[in-house]
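Trainee: show me how the following folds:
(one chain, ligands or ions: 1)
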Amino acid sequence: MTNKEHSEGITMSGGGIYSLATVGAKHVIDAATPMVVDAIDSLSQESITTGFTFSDMGTADAGTSLSMIGNVIDAVSARVPEAPISIVYSDQPRNDFNALIANVYGLGPFDTYLDRRDNIFPLVSGTTFYKQIIPSGTLDIGFSATAMHWLSAKVCNISNHVQAVGAEGEELDAFRAQAHRDWRQILLHRARELKPGGKLVLINFAKDDQGRYLGNTGGVNMFDQFNLIWQGFVEQGRITRAEYENMTLPQYYNTVEEFSAPLQDQDDPVYQAGLRLEHIDSRIVKCPFAESFAQHGDAARFAEEYIPTIRSWNESIFFNGLSADRPLDERRQLIEDYYGTYRDIVRDSPNGHGMDYVHAYTVISKTS
Ligand SMILES: C[S@@+](CC[C@H](N)C(=O)[O-])C[C@H]1O[C@@H](n2cnc3c(N)ncnc32)[C@H](O)[C@@H]1O
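Mentor: Residues are numbered from 1 along each chain as shown. Predicted coordinates for the structure are as follows:
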């Protein structure tokens with residue numbers, strides 16, 4: 001699979017559904033807001049006065065970061081009331097940028113921050129974070145949440161699982177090596193973009209020091225559940241072995257040590273480019289749907305609410321794993337049945353299901 005095919009294969013749900021289905025992702029960003037405000041407070045007055053630039057990389061439809069960016073505007077205005085503020089939203093070219101525009105300009109279900117004051121400039125880019133997105137030396141704060149676990153390429157299919165968390169041996173080694181190369185590439189591009197003294201606040205999926213990761217914090221392991229259902233489809237003769245393996249998520253969850261390494265090793269090109277690790281910690285944000293189920297106790301409601309949140313980010317990969325020789329309707333039906341099976345499992349035996357988020361919250365500075 002080429003990079004182009006890869007990037008075309010990953011899309012979040014469109015039509016503004018992404019932000020509505022993923023309230024948990026908004027909680028993750030809200031928890032990072034104090035770090036972002038502190039980073040703004042640390043900038044030089046001159047840097048802000050000459051024009052403040054913020055980037056939100058892998059923004060999807062921008063709905064989950066709207067309130068955080070409202071806080072960014074307040075924090076910058078508190079420093080320099082009239083400072084021009086550019087907000088650069090970026091994602092892959094196939095992202096639903098119409099939904100993004102609707103959310104940012106207040107045409108969707110959310111309030112816009114644009115009427116807070118003049119001199120705010122939202123800008124939109126379809127450039128991947130594996131390339132330089134904005135001109136060198138112009139970025140004050142680079143932000144990204146829940147996006148950089150997507151690798152630049154699927155290095156191989158995983159023969160026994162759908163995600164690297166279940167990979168073994170050479171397949172796991174290949175994913176790990178790709179993830180390390182990709183993290184360095186992301187950082188080197190950001191090092192070019194940042195002004196001296198600028199900062200990155202990056203909130204990335206991680207594997208924590210107790211081996212916990214997204215959907216695996218006790219109870220049912222969400223990725224094992226994905227895999228069991230997909231394997232079941234092979235056993236029932238509904239999909240082929242090749243289709244099973246082709247549905248390999250091009251993702252990897254770094255540990256805190258893996259994230260830190262290029263920022264602490266003085267011989268690493270990332271360190272030499274002037275990036276320094278200021279802070280990193282791992283945090284868990286609870287699955288809002290499981291938390292709400294604990295209150296209302298209605299298993300059918302839980303299943304109906306929970307499945308769309310996982311579907312919003314992995315449906316395109318399951319769909320693209322299926323052979324293009326199958327008629328479109330058949331592929332669509334298989335995907336409906338797949339999520340329908342997951343929904344029924346949750347409805348019939350709800351306890352232990354949920355998608356708790358496990359992230360590394362990272363602050364990186366560019367030396368002046
Ligand atoms: C789970 S969404 C996160 C959206 C938002 N940042 C949030 O936290 O709610 C992941 C986003 O990363 C984007 N993404 C994946 N790979 C990317 C890449 N190489 N460059 C830019 N965006 C990418 C996807 O298109 C998707 O919109």
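
Trainee: tell me which parts of the protein are close to the ligand?
Mentor: By C-beta under 6 Å from any ligand atom, the residues of the chain that approach the ligand are 10, 12, 22, 25, 29, 57-60, 64, 91-92, 95, 128-130, 145-147, 150, 313. The C-beta positions use only the backbone N, C-alpha and C, and glycine is treated the same way.

Trainee: let's see 5 Å
Mentor: 12, 25, 58, 60, 64, 91-92, 128-129, 145-147, 150, 313 (C-beta under 5 Å from any ligand atom).

Trainee: closest one of those to Ser42?
Mentor: For those, the closest approach to Ser42 (C-beta to C-beta) belongs to Ala145, at 19.9 Å.

Trainee: can you classify Gly142 as helix, strand or coil?
Mentor: strand (DSSP: H, G, I helix; E, B strand; the rest coil).

Trainee: so what's it bridging to?
Mentor: Under DSSP bridges, the beta-bridge partners of Gly142 are Ser55, Leu200.

Trainee: could you verify my assumption that it touches Lys195?
Mentor: No. Taking C-beta atoms under 8 Å as the definition, Gly142 is not a contact partner of Lys195, at 10.5 Å.

Trainee: which of the two has more neighbours?
Mentor: Gly142 (27 against 21; other C-beta atoms under 10 Å).

Trainee: for the more buried one, give me its contacts.
Mentor: Phe54, Ser55, Met57, Arg190, Glu193, Leu194, Gly198, Lys199, Leu200, Val201, Leu202 (C-beta atoms under 8 Å, 6 or more residues apart in numbering).

Trainee: hmm, the fifth one is touching Gln132, no?
Mentor: Pointing back at Glu193 there. Yes. Between Glu193 and Gln132 there is a contact at 6.2 Å, judged by C-beta under 8 Å.

Trainee: contacting residues for Phe175?
Mentor: Contacts for Phe175 (C-beta under 8 Å, 6+ apart) come out as Leu151, Val155, Cys156, Ile158, Ala164, Ala167, Tyr252.

Trainee: one more pass at 10 Å, please.
Mentor: Phe175 makes contacts with 151, 154-156, 158, 163-165, 167, 248-253, as judged by C-beta atoms under 10 Å, 6 or more residues apart in numbering.

Trainee: and those residues, which is closest to Asn71?
Mentor: When these are compared for distance to Asn71 (C-beta to C-beta), Tyr253 wins out at 27.6 Å.

Trainee: hmm, that closest one is touching Tyr213, no?
Mentor: Yes. Using C-beta atoms under 10 Å, Tyr253 makes contact with Tyr213 at a distance of 4.9 Å.

Trainee: residues shared between the contacts of those two?
Mentor: With C-beta under 10 Å, 6+ apart, Tyr253 and Tyr213 have common neighbours His149, Gln163, Ala164, Val165, Phe205, Ala206, Lys207, Val358, His359.

Trainee: turn these into JSON lines, including neighbour count, secondary structure and distance to Asp348.
Mentor: Formatted as JSON lines, the shared contacts of Tyr253 and Tyr213 follow (neighbours: other C-beta atoms under 10 Å; DSSP: H, G, I helix; E, B strand; the rest coil; distance: C-beta to C-beta, whole Å):
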{"residue": "His149", "neighbour count": "23", "secondary structure": "coil", "distance to Asp348": "30"}
{"residue": "Gln163", "neighbour count": "26", "secondary structure": "coil", "distance to Asp348": "24"}
{"residue": "Ala164", "neighbour count": "27", "secondary structure": "helix", "distance to Asp348": "29"}
{"residue": "Val165", "neighbour count": "24", "secondary structure": "helix", "distance to Asp348": "25"}
{"residue": "Phe205", "neighbour count": "21", "secondary structure": "strand", "distance to Asp348": "29"}
{"residue": "Ala206", "neighbour count": "26", "secondary structure": "strand", "distance to Asp348": "32"}
{"residue": "Lys207", "neighbour count": "21", "secondary structure": "coil", "distance to Asp348": "30"}
{"residue": "Val358", "neighbour count": "22", "secondary structure": "strand", "distance to Asp348": "27"}
{"residue": "His359", "neighbour count": "25", "secondary structure": "strand", "distance to Asp348": "31"}
